[in-house]
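S.K.: Test case, fold it:
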Amino acid sequence: MMKLKSICLPIAVFLTCLSLSACHSAFVQTSIVNHSGGPVQLIEVDYPSASFGTQEIANDATYQYRFKIQDSGPVKITFTGNSNKTYTATGPTLSEGQQGNLTITLEANGKVSWIPQLSGGK
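M.R.: Reported below is the predicted structural model:
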């Protein structure tokens, strides 16, 4: 009986560790980088089925946020620039289940560049 317990315990621990490492949720780590030449305000990012935002990002600062894609569609950003002008830009189309990194860089005159490094999805 003692030998059976000494064999079963390591197997149970191994199976638990294996199941924990095999199952994880797919998230997108997003970085909004402000290189616009001044602070930006009222930043909102809309992605399929939800949105997130922040009040302000200082010049040369980065705001980070992690989200899960639960539908498919384009990602969009809206923000107010240094001149109090509101800008909107549409980025890549995201698919449910994708994961990885998305960098959104805010540049002068409301220009926005997108760098998606995503994998998976339906």
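
S.K.: May I have the beta-bridge partners of the nearest residue to residue 102 once chain neighbours are set aside?
M.R.: Closest residue in space to residue 102, ignoring its immediate chain neighbours: residue 30 at 4.7 Å, by C-beta to C-beta, 6 or more residues apart in numbering. Backbone N, C-alpha and C define where each C-beta goes, glycine included. Counting by DSSP bridges, residue 30 is bridged to residue 65, residue 102.

S.K.: repeat for residue 80
M.R.: Residues in beta-bridge contact with residue 80 (DSSP bridges): residue 41, residue 86.

S.K.: And residue 35, by the same measure?
M.R.: residue 107.

S.K.: contacting residues for the residue nearest to residue 102?
M.R.: Residue 30 makes contact with 45, 64, 65, 66, 67, 101, 102, 103, 104, according to C-beta atoms under 8 Å, 6 or more residues apart in numbering.

S.K.: Wait, the fourth one touches residue 29, no?
M.R.: So that's residue 66. Yes. In this structure, residue 66 is within contact of residue 29 by C-beta atoms under 8 Å, at 5.2 Å.

S.K.: more neighbours, these two?
M.R.: Between residue 66 and residue 29, counted using other C-beta atoms under 10 Å, the more crowded position is residue 29 (14 against 9).

S.K.: Could you double-check that the more buried one lies in contact with residue 64?
M.R.: Yes. Using C-beta under 8 Å, residue 29 is in contact with residue 64, at 6.9 Å.

S.K.: will you turn the contacts of residue 30 into CSV that also has pLDDT and distance to residue 113?
M.R.: Converted to CSV, these look like this (pLDDT from 0 to 100; distance: C-beta to C-beta, whole Å):
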residue, pLDDT, distance to residue 113
45, 98, 14
64, 98, 17
65, 98, 18
66, 97, 20
67, 95, 20
101, 97, 14
102, 97, 11
103, 98, 8
104, 98, 8
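
S.K.: In TSV: those residues, plus distance to residue 39.
M.R.: TSV is the format used below for the contacts of residue 30 (distance: C-beta to C-beta, whole Å):
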residue	distance to residue 39
45	17
64	17
65	18
66	23
67	23
101	24
102	22
103	19
104	16
